[in-house]
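>>> sequence? don't have it. structure:
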């Protein structure tokens, strides 16, 4: 037995692979962890393929992220991207880069978090890669399957612009953690253990949204991306943007517009389908809010240019 | 225009994505770089999925690796894993983690190397992820398609153990570079610009090998893995192990047994198929060498135990 406090440099790579293989067994008809590559049957007409990586000191700090938080989050952010294509996340590969002094216990925590997320999200862990590094770098690549992908490029003039749930909570949680790494509560949980909107994406897909993405870098940036990809304009009412109810004050509209990592779905739909979308989301308990309309004109949030907002931020424009 | 000498922190993420999208355009029926995920049609019965990452200071040193070398190599090592399953590598996602002070020119060099490899290997670059980090971390995830994957678990008693090409050249090149970062020549090229055995894997597949893997961590380690996965023993004659002809001296049997990153194929075949395998590889110009036989007994290289060799190394056992 290797002590959880032992550094991972005392475990050889094959021992780590064995540990992962026990934890994530492959069905008999598939090749799982430990061969050159994983294999699985291509059951769907379109493969969806994404990767996203978290870097210590850039995307998280180990003073306020446990190994299990990291394992959960790396799965969540990738599953969210696949769901935002209207696809079902299916198989994941992990990349774990860690200093050789990292404890075996930390690695096991990461694996625990990955396993929790994998079970919750219905994703299989098919393999991965382990390497030494100076800082912790944790990545995943996820494939999914879909009949017809929902890209960010299909928004049509007159479509309602809608967002699921509420925004700003994750960046609010990050602020709390940066002040006090032992902070707890719903905002902190939202930052450390985001829940990708898998069921919501599945429900929305039935209404054939014209465009969809997950809000990972903030509403202003991601809305701008959707409109650029679709070559369209917008009128969005900032007063309608749903703010996480746990944020403490009215200033938090800024967090809702600019805060990243809420992983809500930003979606464009026929306006006559908005009520049906709300009804379809009923069983998930997640609201959907119409915040504006797709136009063929400028990109406006209130009377501000979305492009200016993206370039210069809220404070600059409020102080004009 | 952004100067190639400018740090990448002066480019925003969307600008980098645009640069990648221009360089790696997606066919019209697919979603390429710049959406939540890439998509492509699932044309084959089995999806093969792998990831492998290179870390600065662990897997390479920037004193002797150019950006283009890195871009090439990260594609090569992943394509090699897919080919070693008997599959065709098809689509890649890149992960680029770099210090914010990295020059734009370096990033463009990496992309050049990726593009050269992608064209050479017939792989599409479908997307990826860019992040800041303290050291350069370059990863790829590659999917491929295959009818029936060739795992490392199928070796049968009596099968010939064969290896393509020659071994030890890459570690020989690494030694030269560690002595003199400006070293050049075939060994150095083999280390910096490995050629995955894609055509060779395609030819060998027709002979239905019972097991196959690519020699990435050294013959001793990788042969051990194949035999453990297959639950078999072996008798291998170390005199038969093909040594890279550019290695300077007889001592280099050690490099051939232990050196990694040659990316040759280690394969088990019916003995009566070895001549056919050599003939099938004829058009590729790559030799195949029978180095031993699969047994139901101990794992032996000459009179040494493969397990002891793996644990203790060549020198230890030679000096007994």
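Nice, I can see it. Everything quoted here is computed from the prediction, not taken from an experiment.
>>> Under the pLDDT cut-off, which ranges of the stretch 1-150 of chain A? List them.
A:1-2, A:8, A:11-13, A:16, A:19-20, A:40-44 (pLDDT under 70).
>>> quick one: the strands in it?
Assigned strands in the stretch 1-150 of chain A, in chain order: A:38-41, A:46-55, A:88-98, A:124-132, A:137-146 (criterion: DSSP state E, counting those that start in this stretch).
>>> can you tell which of those is closest to residue B:102?
When the strands of the stretch 1-150 of chain A are compared by Cβ to Cβ, strand A:46-55 sits nearest residue B:102, at 13.7 Å. Bear in mind the C-beta positions are built from the backbone N, C-alpha and C, glycine included.
>>> centre of the chain versus that closest one, how much separation?
10 Å (Cα atoms, centre = their mean, to the nearest Å).
>>> ok, now stretch A:214-228?
For stretch A:214-228 - counting by Cα atoms, centre = their mean - the centre lies 13 Å from the chain centre.
>>> Could I get the buried residue list for that stretch?
Going by neighbour count (16 or more other Cβ atoms under 10 Å in any protein chain shown), the buried part of stretch A:214-228 is A:214-228.
>>> when you scan that stretch, is anything in it near chain B?
Yes - Stretch A:214-228 is in contact with chain B by Cβ under 8 Å from any Cβ of the partner chain, via A:214, A:217, A:225.
>>> Would you agree the second one falls within a strand?
Right, the one you point to is residue A:217. No - Residue A:217 is assigned coil when assessed by DSSP: H, G, I helix; E, B strand; the rest coil, not a strand.
>>> correct me, but it touches residue A:260?
Yes - using Cβ atoms under 8 Å, residue A:217 is in contact with residue A:260, at 4.8 Å.
>>> a markdown table please, covering the residues of stretch A:214-228 next to chain B and showing pLDDT.
Formatted as a markdown table, the residues of stretch A:214-228 next to chain B follow (pLDDT from 0 to 100):
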| residue | pLDDT |
| --- | --- |
| A:214 | 96 |
| A:217 | 91 |
| A:225 | 91 |
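>>> Switch those over to JSON lines; also include distance to residue B:89.
Formatted as JSON lines, the residues of stretch A:214-228 next to chain B follow (distance: Cβ to Cβ, whole Å):
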{"residue": "A:214", "distance to residue B:89": "28"}
{"residue": "A:217", "distance to residue B:89": "30"}
{"residue": "A:225", "distance to residue B:89": "29"}
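>>> In CSV: the strands of the stretch 1-150 of chain A, plus distance to residue A:28 and mean neighbour count.
Shown next, in CSV, are the strands of the stretch 1-150 of chain A (distance: least, Cβ to Cβ, whole Å; neighbours: other Cβ atoms under 10 Å in any protein chain shown):
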stretch, distance to residue A:28, mean neighbour count
strand A:38-41, 12, 23
strand A:46-55, 22, 26
strand A:88-98, 16, 25
strand A:124-132, 13, 22
strand A:137-146, 20, 28
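>>> for those strands, which one sits closest to residue A:66?
Nearest of the strands of the stretch 1-150 of chain A (Cβ to Cβ): strand A:137-146, 12.3 Å.
>>> if we look at the next helix or strand after the closest one, which residues are touching it?
Using DSSP states H and E, the next helix or strand after strand A:137-146 towards the C-terminus is strand A:160-164. Outside of strand A:160-164, the residues within contact range by Cβ atoms under 8 Å, 6 or more residues apart in numbering or on different chains are A:155, A:197, A:200, A:204, A:215, A:219, A:223, A:234, A:236, A:241-242, A:264-271, A:273-274, A:277, A:281, A:286-294.
>>> Restricted to strands, list these.
A:234, A:236, A:265-269, A:288-294 (DSSP state E).
>>> Which of those residues ranks first by neighbour count?
Neighbour counts for those (other Cβ atoms under 10 Å in any protein chain shown) peak at residue A:267, which has 30 neighbours.
>>> Show me what it bridges to in the sheet.
residue A:162, residue A:212 (DSSP bridges).
>>> Which one of the residues of stretch A:214-228 next to chain B is nearest to chain B?
Closest approach between these and chain B, by Cβ to the nearest Cβ: residue A:214, at 6.2 Å.
>>> what residues are up against that closest one?
A:80-81, A:83-84, A:196-197, A:222, A:263-266, B:36.
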